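Build me a model from this:
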Amino acid sequence: MPSFSIALTGLEANSVALDTIGNNLANLNTTAFKGQTTSFSDLFYQNIGSTGSGDALQVGLGTQVSGTNTDFSQGSLSTTTNSTDMALNGSGFFVVDQGGLEQLTRSGNFQLDQSGNLQTTTGAGVMGYAAANGVVNTNTPLTTLQIPVDATQAAQATENFGITANLDAATAVGGTFSTTITMYDSLGTSHAATVNFTKTADNTWSYAISLPAGDATGTPVNNTGTLTFSSSGALLTPAANVTGISFPGLSDGANDMTFNWNLYNSTGAPQIGQTVGTSTATASTQDGFASGSYKSFSVDSAGVISAGFSNGQTVTIGQIAVASVTNVEGLTVEGGNNYQTTAASGAASVGAPGAGGRGSIEDDTLEQSNVDISTEFANLIVAQRAFEANSKTVTTFDTVTQETINMIH
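Just a heads-up that it's a prediction; the model follows:
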């Protein structure tokens with residue numbers, strides 16, 4: 001009598017369904033958890049004869065679990081205050097190194113170890129592309145990413161400076177205008193350099209660049225000159241940037257300060273003009289800075305990681321890698337929020353976030369579980385009723401069997 005085995009298949013299959021629902025509810029607050037559902041299919045059928053018209057008479061022999069389907073839809077994104085928290089906005093997976101094995105995850109609740117290695121909560125290294133001299137090359141092999149938590153950035157002497165200014169054409173001959181810009185020597189010491197303009201004739205101004213008294217003991221080189229303007233106020237001479245300005249014998253023992261004055265911007269347009277109106281300097285730039293220690297890091301939407309230093313400088317140190325697969329349902333769940341590619345999923349296609357259909361990065365953000373509690377409770381009731389019905393089938397078959405045995409006696 002197959003009656004008991006039929007009911008047992010129902011009990012076993014619905015037990016799996018209850019386990020799946022229970023696992024979903026247990027992971028309701030698990031970062032980036034993807035809910036699953038259990039699907040069933042009937043078992044083979046027994047032919048017990050045929051009708052008068054020749055139609056087969058068949059009796060089913062139960063059910064079985066045909067699959068567990070994972071819902072890979074994106075969970076809601078929640079803002080945090082932790083720069084190590086990241087979320088993928090869109091499709092794809094973070095790539096992690098779990099004991100030398102490349103795995104995938106949607107969970108971006110990363111952390112730093114004492115050496116600055118970016119890791120998952122299970123200790124897997126987060127993988128990406130390292131930067132060389134502040135430039136990321138996504139054609140290089142993946143590597144585990146490291147944040148320079150103990151790094152100190154060396155000082156950089158000013159090599160170029162520029163001023164965006166207007167000189168008043170109505171200024172009388174002998175009139176002056178000056179502006180100050182902070183520059184740095186090779187030791188990172190700041191110097192308040194002053195550029196003094198003096199009108200010497202119509203459309204003609206002399207300039208002199210100086211450092212505060214006592215900053216440099218040597219004789220300055222190429223720190224003076226003349227600017228001439230057209231009748232419309234356009235700079236005529238110098239026709240190129242002023243190079244080789246030097247202040248030797250710095251009192252702090254740094255190397256001689258040698259820098260260029262960029263009178264023209266990168267497009268060749270002059271940054272200094274002459275019109276009627278108050279002489280003003282609206283902006284200034286220079287490329288030097290003092291030394292600084294690591295303070296924090298940030299990640300942009302393309303996954304580029306920038307480290308910030310106490311001197312106000314930022315340095316690109318790497319880029320997060322994102323993987324996509326052809327068939328996400330073919331991935332196997334490895335636990336710890338990780339997935340493993342299989343022949344069914346296809347190999348992972350790894351690249352930069354936001355490219356090739358991959359999602360972008362949201363920093364200071366975590367993806368929540370996509371489990372819907374109301375749906376799970378409804379599924380729980382259905383699975384419970386199905387389990388109870390199969391249990392009732394067992395007791396019914398038991399009663400019928402007992403009645404049959406009693407007939408014999």
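
where exactly do the helices run in the chain?
In chain order, the chain shows helices spanning 3-26, 373-408, with DSSP state H as the criterion.

Return the set of buried residues in the longest strand seen in the chain.
Within the chain, and with DSSP state E defining each element, the longest strand by residue count is strand 190-201. Residues 191, 193, 195, 197-199 are the ones in strand 190-201 that count as buried (16 or more other C-beta atoms under 10 Å). (Each C-beta comes from the backbone N, C-alpha and C, glycine too.)

Just give me the closest of the residues you listed to Phe177.
For the buried residues of strand 190-201, the closest approach to Phe177 (C-beta to C-beta) belongs to Phe197, at 4.8 Å.

Quick check: beta-bridge partners of that closest one?
Beta-bridge pairing for Phe197 (DSSP bridges): Phe177, Tyr207.

does it really touch Asp168, like I thought?
No. The criterion here is C-beta atoms under 8 Å, and Phe197 misses it with Asp168 at 9.9 Å.

shared neighbours of the two, anything?
Both Phe197 and Asp168 are contacted by 177, 279, under the criterion C-beta atoms under 8 Å, 6 or more residues apart in numbering.

ok, now which ones touch the residue nearest to Ala165 when sequence neighbours are not counted?
Nearest-residue entry for Ala165: Ala281, 4.2 Å, with adjacent residues in sequence omitted and distances by C-beta to C-beta, 6 or more residues apart in numbering. The neighbourhood of Ala281, defined by C-beta under 8 Å, 6+ apart, consists of 163-165, 179.

so which of these comes closest to Ser291?
For Ser291, the nearest member of these is Ile163. The distance, counting by C-beta to C-beta, is 25.5 Å.

which residues does Ser230 contact?
Ser230 makes contact with 203, 236, according to C-beta under 8 Å, 6+ apart.

Next one: it from Asn203, what distance?
For Ser230, the distance to Asn203 (C-beta to C-beta, to the nearest Å) stands at 7 Å.

Among the contacts of Ala281, which one sits closest to Thr9?
Thr164 (80.9 Å).

What residues are bridge-paired with that closest one?
Beta-bridge partners, per DSSP bridges, of Thr164: Ala283.

you'd agree Phe40 is up against Gln64?
Yes. Using C-beta under 8 Å as the test, Phe40 is close enough to Gln64 to be in contact (6.8 Å).

where do the contact lists of the two overlap?
With C-beta under 8 Å, 6+ apart, Phe40 and Gln64 have common neighbours Ala13.

hmm, back to that, now the buried members of the contacts of Ala281.
Neighbour counting with 16+ other C-beta under 10 Å marks 163, 165, 179 as buried within the contacts of Ala281.

For the residues you listed, give me a markdown table that also has distance to Asn29 and pLDDT.
A markdown table is the format used below for these (distance: C-beta to C-beta, whole Å; pLDDT from 0 to 100):
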| residue | distance to Asn29 | pLDDT |
| --- | --- | --- |
| Ile163 | 56 | 97 |
| Ala165 | 58 | 97 |
| Thr179 | 58 | 97 |
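
Need the pLDDT of the residue nearest the centre of the chain.
Of all residues in the chain, the one closest to the mean position by C-alpha atoms, centre = their mean is Gly303, 3.2 Å from it. Looking at Gly303, its pLDDT reads 96.

List the beta-bridge partners for the nearest residue to it once chain neighbours are set aside.
The shortest distance from Gly303 to any residue that is not its chain neighbour, by C-beta to C-beta, 6+ apart, is 3.4 Å, and that residue is Ile320. As for beta bridges, Ile320 partners with Gly128 under DSSP bridges.

What count of nearby residues applies to Ile320?
Applying other C-beta atoms under 10 Å, we find 26 other residues in the vicinity of Ile320.

list the contacts for it?
Contacts for Ile320 were tallied using C-beta under 8 Å, 6+ apart; they are 86, 94, 126, 128, 145, 299, 303-305, 353, 361.

in stretch 58-75, what counts as buried?
In stretch 58-75, counting by 16+ other C-beta under 10 Å, buried: 62-63, 65, 68, 70, 74-75.

Could you do stretch 157-174 as well?
Neighbour-count burial for stretch 157-174, with 16+ other C-beta under 10 Å as criterion, is recorded at 157-158, 161-163, 165-169, 171.

now swap in stretch 288-302 and tell me
Buried residues in stretch 288-302, counted by 16+ other C-beta under 10 Å: 288-292, 294, 297, 299-300.

I'd say Gly10 and Gln64 touch.
No. Shown here, Gly10 and Gln64 do not form a contact pair, counting by C-beta under 8 Å, at 9.8 Å.

Which residue, neighbours along the chain excluded, lies closest to Gly108?
Distances taken as C-beta to C-beta, 6+ apart place Met86 nearest to Gly108, at 3.7 Å, with adjacent residues excluded.

Spit out the contact partners of that neighbour.
94, 108, 110, 299, 320, 361-363, 365-366.

Let's see that with 10 Å instead.
Contacts here follow C-beta atoms under 10 Å, 6 or more residues apart in numbering; on that basis Met86 touches 80, 94, 107-110, 118, 126, 299, 303, 305, 320, 353, 361-367.

are any of those residues buried, and which?
94, 107-110, 118, 126, 299, 303, 305, 320, 353, 361-367.

Quick one: residues contacting the nearest residue to Asp71 once chain neighbours are set aside.
The spatially closest residue to Asp71, leaving aside those adjacent along the chain, is Gly35, at 4.9 Å (C-beta to C-beta, 6+ apart). Gly35 sits next to 20-21, 23-25, 27-28, 69-73, 75, 369-372, 375-376, 379 when contact means C-beta under 10 Å, 6+ apart.

and if you look at Gln274?
165-171, 199, 202-205, 227-235.

Likewise for Ser251?
Taking C-beta under 10 Å, 6+ apart as the criterion, Ser251 is in contact with 189, 211, 214-217.

what about it, distance to Thr226?
On the measure of C-beta to C-beta, Ser251 and Thr226 end up 30 Å apart.

do the same with Asn27
From Asn27 across to Thr226, the span is 75 Å (C-beta to C-beta).

which of these two has more neighbours?
For Asn27 versus Thr226, neighbours defined as other C-beta under 10 Å are more numerous around Asn27 (17 against 13).
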